[in-house]
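Novice: Only the shape, not the letters, is given here:
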């Protein structure tokens, strides 16, 4: 769960594919500006990545108008601003919700898993759920009690830096373990060498990186992910973060203060 300071959600041009065989359609969630992406193959098979609160209807409308066939709902990690509408879309399309096994527990307890707790045993939900997250949900006409846990969840298990090809129908993505923001944070790579895009979730932003101060975050692990995973990505690739504007690997390697030098 993150939103880099000083940025305004601004995804790349809608339905832009460039040299990719896959087509991308981005819906920006009204809560925390999460970039929800529909990745579709020429055949019409598609997956939905990071459906934040308030994206379900727009995603469903795009799927219908484009004649797409959803195969799965994916999450780059388990924070609720990336999974709020996962159950609604999975039920509507009769598909599984898929994420790294280390983050699957967050789907059952999305708010408690965001709270460090206090010495008195109180999880301290007022600090976040009744604070910025609660306010953002309320502004979008939602409440924490409206959240639904997905009924059908599938997981994969990748070590940090490990790359695994995942296929749903004709949609093929490469998932790369990138822990640090959460235990199971994952990069999804779309395309081929020299002509690809990274769905970076809350690992990498334009000019910033994901926070590590929430439960499951690990600053040392994030540093290793940035060095050994992000630092070895193809510089030619584009990046669509979980929040904020698109960027490129080359630009971030050269200018991002958490990566440069």
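Specialist: Great, that's in hand. The structure presented is a predicted model; accordingly, all values stated were derived computationally and were not measured.
Novice: can you map out the helices along the stretch 51-200 of the chain?
Specialist: Counting by DSSP state H, counting those that start in this stretch, the stretch 51-200 of the chain has these helices, from start to end: 56-66, 86-93, 105-108, 132-139.
Novice: And the average pLDDT for the longest one is what?
Specialist: Helix 56-66 shows a mean pLDDT of 98 in the predicted model.
Novice: Kindly report the same for the shortest one.
Specialist: The pLDDT scores in helix 105-108 average 95.
Novice: Give the buried residues for that helix.
Specialist: Residues of helix 105-108 classed as buried: 106-107 (neighbour count, 16 or more other CB atoms under 10 Å). Backbone N, C-alpha and C define where each C-beta goes, glycine included.
Novice: tell me the angle whichever helix or strand residue 36 is part of makes with helix 86-93.
Specialist: Following DSSP states H and E, one finds residue 36 within strand 35-40. Per axes from the mean of the first three to the mean of the last three CA atoms, to 10 degrees, the angle that strand 35-40 makes with helix 86-93 is 30 degrees.
Novice: okay, now residue 141: neighbour count?
Specialist: 11 (other CB atoms under 10 Å).
Novice: hang on, I meant residue 41
Specialist: 19.
Novice: How about the one 10 residues further on?
Specialist: Close neighbours of residue 51, defined as other CB under 10 Å, add up to 29.
Novice: how about it, what does it touch?
Specialist: Taking CB atoms under 8 Å, 6 or more residues apart in numbering as the contact definition, residue 51 lies against 29, 36, 59, 73, 82-86, 88-89.
Novice: How much space separates it from residue 113?
Specialist: 18 Å (CB to CB, to the nearest Å).
Novice: Likewise for residue 239?
Specialist: Taken as CB to CB, the span from residue 239 to residue 113 is 26 Å.
Novice: If you count surrounding residues, which of the two has more?
Specialist: Taking neighbours as other CB under 10 Å, residue 239 and residue 113 compare with residue 239 leading, 25 against 20.
Novice: and residue 103, how many residues sit next to it?
Specialist: For residue 103, using other CB under 10 Å, the count is 25.
Novice: Quick check, it in contact with residue 179.
Specialist: No - in this structure residue 103 lies outside contact range of residue 179 using CB atoms under 8 Å: 9.4 Å.
Novice: got any residues that touch both of these two?
Specialist: Taking CB under 8 Å, 6+ apart as the contact rule, residue 103 and residue 179 both touch residue 185.
Novice: any weak-confidence spans in the protein?
Specialist: 1-20, 115-134, 140, 193, 261 (pLDDT under 70).
Novice: Could I get the full set of strands for it?
Specialist: 23-28, 35-40, 45-49, 69-74, 97-100, 153-156, 163-168, 171-177, 186-192, 195-201, 204-205, 208-209, 238-241, 247-248 (DSSP state E).
Novice: closest one to residue 108 among those?
Specialist: strand 153-156 (9.2 Å; CB to CB).
Novice: so what does the closest one touch, helix or strand wise?
Specialist: Packing partners of strand 153-156 (3 or more CB pairs under 8 Å, 6 or more residues apart in numbering; DSSP states H and E): strand 97-100.
Novice: what about 10 Å?
Specialist: strand 69-74, helix 86-93, strand 97-100, strand 163-168 (3 or more CB pairs under 10 Å, 6 or more residues apart in numbering; DSSP states H and E).
Novice: what's the distance between it and the middle of its chain?
Specialist: Put simply, strand 153-156 sits 15 Å off its chain's centre (CA atoms, centre = their mean, to the nearest Å).
Novice: before we move on, what about stretch 204-223?
Specialist: On CA atoms, centre = their mean, the centre of stretch 204-223 falls 14 Å from the chain's centre.
Novice: tell me which residues of that stretch are tucked away?
Specialist: Here stretch 204-223 shows 204-212, 214, 216-217, 221-222 as buried, counting by 16+ other CB under 10 Å.
Novice: likewise stretch 162-177?
Specialist: So stretch 162-177, judged by 16+ other CB under 10 Å, has buried residues 166, 168, 170-173, 175-177.
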